[in-house]
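Enquirer: Sequence first, predicted coordinates after that:
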Amino acid sequence: MATTADDVWRILNEVAISQKELSAAQKETDRLFRLHVEENDRRMKNLQQELGKLGNRLGEFVEWQVRPAVLRLFKQRGIEVHEILPEVSIQRDDAGLEIDLLVVNTTEAILVEVKSKLSQGDVDEHLERLAKFKRLMPRYSDVQAMGAVAGMVVPLEVSRYAYRKGLFVLAQSGETVVILNDDRFQPRTW
C-alpha cells in the first residue's frame with residue numbers, strides 16, 4: 001500500500017495536533033505543580049510558626065520553673081536576692097542585650113540565661129552577654145556580675161563546659177530546679 005501526499009499531510013496534521021495537546025497538557029501540569037509547591041510552602045511556613053510558638057511556650061515554662069527557684073538556690077550559696085527582674089531588654093548606642101532573669105542585691109547581679117535544652121552555643125552567647133552587661137547597664141557598674149545558665153535539659157558536657165567557664169548551672173531535677181555546681185565552685189565575676 002502506497003502512502004499518498006494526503007496521507008502524509010494527515011499524519012503531519014495529527015502530529016501537530018498531538019504536539020499542541022502535549023504542550024497544553026505540560027503547561028497544565030506545570031501550573032498544577034506550582035500550585036502544589038505553593039500550598040506545601042504555605043503549610044510548611046504555618047507549621048514552622050506553630051513549632052516556634054510551642055518552643056516559646058516551652059521556654060516560658062522553663063523560665064517559670066527557674067524564677068522562683070533562684071531565690072532559694074542562691075540564698076543557699078550565700079547570695080542574697082533582693083530583686084528578680086524577668087525579661088530585661090537593654091538598648092544603648094548601637095548595642096543591645098536581653099537577659100532572661102536578672103537577679104540582684106546591693107553588691108551582686110546574676111544574669112541567668114534560661115533554655116529548654118542548653119547547648120554550648122547558648123553558654124558562649126551568655127558569656128558574650130556578660131562581657132557587655134556593665135557597659136550597657138552602667139547603673140550596675142559597681143556590683144559583682146556573675147552568670148548562670150539554666151535548662152530543663154542540660155547535657156553533661158554542656159554542664160561541665162559552663163562550670164569551667166565560671167557559670168552557675170541550674171537544671172531540672174524531678175519537680176524542682178537545682179544548682180549542679182559542687183561546693184568547691186567559685187563563680188567568675190565581671
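Expert: That came in fine, so what should we check first? Treat the numbers as computed from the prediction; the structure is a model and nothing was measured.

Enquirer: doesn't Asn46 fall inside a helix?
Expert: Yes. Per DSSP: H, G, I helix; E, B strand; the rest coil, Asn46 lies within a helix segment.

Enquirer: Next up, the contacts around it.
Expert: Under the criterion of CB atoms under 8 Å, 6 or more residues apart in numbering, Asn46 has no neighbours. Bear in mind the C-beta positions are built from the backbone N, C-alpha and C, glycine included.

Enquirer: do Lys132 as well
Expert: Residues near Lys132 by CB under 8 Å, 6+ apart: 95, 97.

Enquirer: ok, for Arg92, nearest residue in space, not its chain neighbours?
Expert: Leu136 (4.9 Å; CB to CB, 6 or more residues apart in numbering).

Enquirer: contact partners of stretch 174-190?
Expert: 65-66, 69, 73, 76-77, 130-131, 133-134, 144-147, 150, 154, 159, 163, 165-171.

Enquirer: again, 6 Å this time
Expert: With contacts defined as CB atoms under 6 Å, 6 or more residues apart in numbering, stretch 174-190 is touched by 65-66, 69, 73, 130, 144-146, 159, 163, 166, 168-171.

Enquirer: Settle this for me: the residue nearest to Arg92 is touching Leu97, isn't it.
Expert: Yes. Between Leu136 and Leu97 there is a contact under CB atoms under 6 Å: 4.9 Å.
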